[in-house]
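# sharing a model that was predicted from the sequence below.
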2 protein chains.
Amino acid sequence: MKQSKLFTRTRKEAPSDEVSRNAKLLIRGGFIHKEMAGVYDYLPLGLRVIEKLKNIIREEMNAIGGEEVSLSALQDPEIWKASGRWDDKKIDVWFKTKLKNDTEIGLGCTHEEPMARMMKEHISSYRDLPRYIYQFQTKFRNELRAKSGIMRGREFLMKDMYSFNVSQNELDTFYEQLIRAYKNVYDKIGIGDRTYLTFASGGMFSKFSHEFQTVCDVGEDYIYIDKKKNIAVNDEVMQDEILKDLGIDRNDLVKEKSIEVGNIFKYGNRYSTPLGLVFKDENGEEKPVIMGAYGIGLGRLMGTVVEVLSDERGIVWPESIAPFVVHLLVLGKDETVLKEAEKIYDKLSASGIEVLFDDRIDVSAGEKFTEADLLGIPYRLVVSERSLEEGGIEIKKRTEDKNKIVSLENLLKLLAS
Amino acid sequence: MKQSKLFTRTRKEAPSDEVSRNAKLLIRGGFIHKEMAGVYDYLPLGLRVIEKLKNIIREEMNAIGGEEVSLSALQDPEIWKASGRWDDKKIDVWFKTKLKNDTEIGLGCTHEEPMARMMKEHISSYRDLPRYIYQFQTKFRNELRAKSGIMRGREFLMKDMYSFNVSQNELDTFYEQLIRAYKNVYDKIGIGDRTYLTFASGGMFSKFSHEFQTVCDVGEDYIYIDKKKNIAVNDEVMQDEILKDLGIDRNDLVKEKSIEVGNIFKYGNRYSTPLGLVFKDENGEEKPVIMGAYGIGLGRLMGTVVEVLSDERGIVWPESIAPFVVHLLVLGKDETVLKEAEKIYDKLSASGIEVLFDDRIDVSAGEKFTEADLLGIPYRLVVSERSLEEGGIEIKKRTEDKNKIVSLENLLKLLAS
């Protein structure tokens, strides 16, 4: 894409009311726009990052048997009354509104209840199980405070998957697959090495629930990491008995601030029984479907990547979710140089490489470099009189300081590998 | 995809509270699920149709210079007060809700105001124009009645584009391009021959606004078609003076029921001035940006296709938006036949053809045929002992009654063409 055609402008200063690093950098780069506290729009560059995140997650969910759907945001109170969660004391982040006939309805903050009711139409026998249903869907949560940029939104895109099994055993097996799939996601987007499966307190149906926590100095949580075992526990689990149960020695634990980048729950029949989601087993006996739920917030992930990977000059996108792989800058106004840069842009694009081409002639070299650092695209290419004299194109990684001159032919080889 | 892996089940009967043909067929086929009146979920088959619609529309919008974004559903009252549209008397379909601090906020039913405010960050000079910004975004409209299935939802996915121009002239040129792009969309999804550009009453800034209306006997609107000129007018425009102005003879007009499948507006400075969206022209003079807006509801389009193209046996998808191109049915339980069908499924899939493979062995041939008709996939293939004896695979189009036997080799050629 040519930058001259991109409508967004970068800003030197973040809005004064933004306190979080992720929102500051993403607004300055033109990735997002703030509507209200905790409510952001995604502009073209930001939307490209979100779409790449979606595809990475979708691939992992499909690989473990996921089927994609899209449920509504508007919520029928009946099903939430059935589960006992319509009450604002039970879910304290409800947004509620009213139909013309004065019926109160809700805006979905999670989807266990509608998923369970919808599945009643499609599950009757053990032969219909297991099922793993997921969606990328906008959640609404009436947060009291929203100062963490896109990491805690009042409106945000979430991937939520729900599992439907015949037994706790079958669920347990899936749960382990799901953990591996989530780890793959974190690895692919460059935060795997600082993201820990974290034991949190369980509920009626499991000893523990689990979160994935990414170590980050602006995190809102604290975790205690056992680096040898490569797991962590949260505050709730920091009790001698429980630690013993997990085979963890308190002295091995390192306390760190962290961001929750995923959470997973085993529900048993917590939602299936009140919603009437049952199946007939092999003996014709009616049983509640065993459920679980698995969430990843996409804005949360994107914000976390910005928080942990950016530097003093701007964002540093991993190649997997960068809006473009290559940022091609042409310097000066010389016609020959401009033509050469166009040619390189066309060649790269034709090779299937995603290029943002800074073709603007009224912007200085200094400004282009500063902006390239802010936008954080993995490879910066420079075409200038000097680079052409030296035999080609200057290439530099966003994560490195050294650059080198390569020929177009070698550039194509390098980027293809 | 193997049908044995698809979680949705078809139904013989539609729910008794559904009156619209589109909702009845789509629910029976497992494409959608009803949450409440006017609120539907998209299940895997339905979501595939929506994604294909999106891609067709996206391609057309990008071709005329569109840039994709995604704005929030939650709405800041300030910008709507500025334009005078916060009042429930001005917009009678608002859903409103409250933040924890009791501030009333809205759920977006359209996005002129937030688009105008957002663009203030990115437009200051004539050099920043024109811009054409679009999104696929969920709208919320508190409709008094919602009995038309997915054709009039309280929550629905819309493609809305907004144009930002320096002058009325520049807008007029774009407006004509946009009309052609919309026509391309209707042509591609098989309703072009019954969809008319329809003149509706204008506003302060244009003599006419325009709708695209598809002739359909369950439509909520009436239009008057001039078949020679290939345009139509709506009720508002049926006045002698105006008809004369358009060069239309009242006697040439045929009255038909119709569905509005798109609408387009020229706004002038209706939203830019109250929101302060201005630019400096070539003489350094400050002027309001000239805006327009262009909407297509995706559920509305999908519902319209079902209403106008389906027959007494079920849905008839055009190939462009069918959830799959081919529905492969294997009949009987014979191991050789099953293996052959698997092989055909693998070959077709490897050739990049989207196949739904009805591999279920506990379902009768009659049920499979009935279900295939209901689901409406363009090509039905049957592999059975008989078809193999006769030399291959039986192929039949959903729109035709006659079938023929082809070899796998010829099948691949036929489907590739």
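Happy to help now that I have it.
# contacts and neighbour counts: CA atoms only from here.
Fine.
# let's see the helix or strand bottoming out on mean pLDDT in chain A as PDB, backbone CA atoms only.
Within chain A, confidence by mean pLDDT, DSSP states H and E is lowest for helix A:240-245 among all helices and strands, at a mean of 90. Coordinates of each C-alpha in helix A:240-245 appear next as PDB, following Å, rounded to 0.1, in the frame of the first residue of the first chain:
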ATOM      1  CA  ASP A 240       1.100 -23.600  51.600                       C
ATOM      2  CA  GLU A 241      -1.300 -26.500  51.300                       C
ATOM      3  CA  ILE A 242      -2.200 -25.700  47.700                       C
ATOM      4  CA  LEU A 243       1.500 -25.100  46.700                       C
ATOM      5  CA  LYS A 244       2.300 -28.500  48.200                       C
ATOM      6  CA  ASP A 245      -0.400 -30.000  46.200                       C
END
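# and the helix or strand following it, what other elements does it pack with?
Counting by DSSP states H and E, the next helix or strand C-terminal to helix A:240-245 is strand A:253-268. Secondary-structure packing of strand A:253-268 (3 or more C-alpha pairs under 8 Å, 6 or more residues apart in numbering or on different chains; DSSP states H and E): helix A:168-188, strand A:208-215, strand A:221-226, strand A:290-297, helix A:298-309.
# I'd like to know which elements the fourth one is packed against.
Judged by 3+ C-alpha pairs under 8 Å, 6+ apart, strand A:290-297 is in contact with strand A:155-165, helix A:168-188, strand A:253-268.
# contacts for that strand?
Outside strand A:290-297, the residues that touch it by C-alpha atoms under 8 Å, 6 or more residues apart in numbering or on different chains are A:112, A:156-168, A:171, A:261-272.
# swap in the shortest one?
When contacts are defined by C-alpha under 8 Å, 6+ apart, strand A:221-226 is touched by residues A:196, A:198, A:213, A:231-235, A:248, A:252-260.
# so what are the sheet partners of that strand and their directions?
strand A:231-234 (antiparallel), strand A:253-268 (antiparallel) (DSSP bridges).
# those: which one's closest to residue A:192?
strand A:253-268 (10.9 Å; C-alpha to C-alpha).
# mean confidence for the helix or strand just after the closest one?
Note on strand A:253-268: by DSSP H and E, the next helix or strand toward the C-terminus is helix A:272-275. Per-residue pLDDT over helix A:272-275 has a mean of 98.
# dump helix A:272-275 to CSV, keeping only the CA atoms.
Extracted in CSV, the C-alpha atoms of helix A:272-275 (Å, rounded to 0.1, in the frame of the first residue of the first chain):
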residue,chain,number,x,y,z
SER,A,272,-25.9,-26.8,31.0
THR,A,273,-28.2,-27.9,33.9
PRO,A,274,-30.0,-24.5,34.4
LEU,A,275,-30.3,-24.1,30.6
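# next one: it to chain centre, how far?
The chain centroid and the centroid of helix A:272-275 are separated by 30 Å under C-alpha atoms, centre = their mean, to the nearest Å.
# could you do stretch A:188-199 as well?
12 Å.
# how long is that stretch from one end to the other?
23 Å (C-alpha to C-alpha, to the nearest Å).
# what residues of that stretch count as buried?
By neighbour count on 16 or more other C-alpha atoms under 10 Å in any protein chain shown, the buried set for stretch A:188-199 is A:188, A:189, A:190, A:191, A:195, A:196, A:197, A:198, A:199.
# cool, stretch A:122-130 as well?
When burial is assessed from 16+ other C-alpha under 10 Å, stretch A:122-130 yields the following buried residues: A:122, A:123, A:124, A:125, A:126, A:128, A:129, A:130.
# tell me if that stretch is near chain B.
Yes: counting by C-alpha under 8 Å from any C-alpha of the partner chain, chain B is contacted by stretch A:122-130 at A:122, A:128.
# what distance separates the start and the end of that stretch?
With C-alpha to C-alpha, one end of stretch A:122-130 sits 12 Å from the other.
# how far off centre is that stretch?
31 Å.
# please identify the most buried of the helices and strands packed on strand A:290-297.
strand A:155-165 (a mean of 23; mean count of other C-alpha atoms under 10 Å in any protein chain shown).
# that strand: partners in the sheet, and parallel or antiparallel?
By DSSP bridges, strand A:155-165 pairs with strand A:131-140 (antiparallel), strand A:290-297 (antiparallel).
# quick revisit: next, format the helices and strands packed on strand A:253-268 as TSV and append distance to residue A:38 and mean pLDDT.
Compiled in TSV, the helices and strands packed on strand A:253-268 are given as follows (distance: least, C-alpha to C-alpha, whole Å; pLDDT from 0 to 100):
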stretch	distance to residue A:38	mean pLDDT
helix A:168-188	24	98
strand A:208-215	21	94
strand A:221-226	19	96
strand A:290-297	14	98
helix A:298-309	11	97
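# possible to save those as JSON lines with distance to residue A:139?
Shown next, in JSON lines, are the helices and strands packed on strand A:253-268 (distance: least, C-alpha to C-alpha, whole Å):
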{"stretch": "helix A:168-188", "distance to residue A:139": "20"}
{"stretch": "strand A:208-215", "distance to residue A:139": "19"}
{"stretch": "strand A:221-226", "distance to residue A:139": "21"}
{"stretch": "strand A:290-297", "distance to residue A:139": "9"}
{"stretch": "helix A:298-309", "distance to residue A:139": "11"}
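# nearest to residue A:41, of those?
Of all the helices and strands packed on strand A:253-268, helix A:298-309 comes closest under C-alpha to C-alpha, at 10.8 Å.
# tell me what that closest one is packed against?
helix A:21-28, helix A:44-63, strand A:155-165, strand A:253-268.
# so where's chain A uncertain?
For chain A, residues meeting the criterion pLDDT under 70 lie at A:204-205.
# domain ranges for it?
In the domain annotation for chain A, the residue ranges read A:3-309, A:326-416 (automatic domain parsing).
# what's the closest of those to residue B:277?
For residue B:277, the closest of these is domain A:3-309, at 14.5 Å, according to C-alpha to C-alpha.
# picking that back up, can the helices and strands packed on helix A:298-309 go into JSON lines with extra columns for distance to residue B:402?
Listed next are these as JSON lines, based on distance: least, C-alpha to C-alpha, whole Å:
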{"stretch": "helix A:21-28", "distance to residue B:402": "58"}
{"stretch": "helix A:44-63", "distance to residue B:402": "37"}
{"stretch": "strand A:155-165", "distance to residue B:402": "42"}
{"stretch": "strand A:253-268", "distance to residue B:402": "51"}
